[in-house]
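In: Give the three-dimensional model of this entry:
(one chain, ligands or ions: 1)
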Amino acid sequence: MGKIRKSTRTRGRLLATAAILALLAPLGIGTAQAGLMSYQDGYEFNPSAKWSIAGSHSSGGGFNINIPSSARTGNNSGWLGVQPGGWAYQQIEIPTGSVSGRPDTECAAAIWIKPMVIRQEVAIEIWDRNGNQLYRRLSEHAGSENYQQIYTDRWTLGSRTSVFVRIVDYGTTGQGGTIRLDDLVFQCYFIG
Ligand SMILES: [Ca+2]
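Out: Numbering: from 1, shown residues only. Model (predicted):
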């Protein structure tokens, strides 16, 4: 289930939450006072209403529901399957109105992926509602590996009241492939 938490706390309190730990380093939190908005989604509650899927060359994706062995945590996870020469993505829209409009608000996102069988090229991207790409990182991942986290550097939110986190699987050139997805974490941070 998507959850939004917004708070103003000391750094010590922030460190107490394991999910936040995942992004503290890229966010570079180092001040005594900070504001934080955190959103998480692990595909556990109605994922088809939150995640949209697209692809080319008959590529696409879906959800593994009530299959704990496929999930990183819980019972559910997502997946992307790419045909040779194609690509597929899942994306989710994150509401950011509670922290937008501040000049110093920066955000970062992370998700866990599991490449199946063969090497996969995977991108994590941030888009706004006007079709502007705010961030992109492309990385290669060996096949048949365990879940591993991919994440963005921090980027400036500006006045945007929502953004999209998009995970794109390109498969392996000429072969396609499949990844699983679970445990999105999204955070925005500002100096209080
Ligand atoms: Ca899950």
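In: low-scoring stretches of the chain, by residue?
Out: Low-confidence segments of the chain (pLDDT under 70): 1-34, 192.
In: Flag every residue of it that's near the ion.
Out: 42-43, 71, 73-74, 76, 182 (Cβ under 5 Å from the ion). In this view, the C-beta of every residue, glycine as well, is placed from N, C-alpha and C.
In: Please name the residues that touch residue 80.
Out: Residue 80 makes contacts with 53, 55, 59-61, 88-90, 167, 169, 178-179, 181, as judged by Cβ atoms under 8 Å, 6 or more residues apart in numbering.
In: Can you tell me which of those residues is closest to the ion?
Out: Among these, residue 181 lies closest to the ion (Cβ to the ion), at 9.0 Å.
In: and the closest one, what are its phi and psi?
Out: Main-chain torsions, residue 181, degrees, to the nearest 10: phi -130, psi 140.
In: And residue 96, by the same measure?
Out: Per degrees, to the nearest 10, the backbone of residue 96 is at phi -130, psi 10.
In: what about residue 146, distance to residue 80?
Out: Going from residue 146 to residue 80 by Cβ to Cβ, to the nearest Å gives 17 Å.
In: so what's residue 104 up against?
Out: 190-191.
In: What helix or strand is it located in?
Out: Using DSSP states H and E, residue 104 is not contained in any helix or strand.
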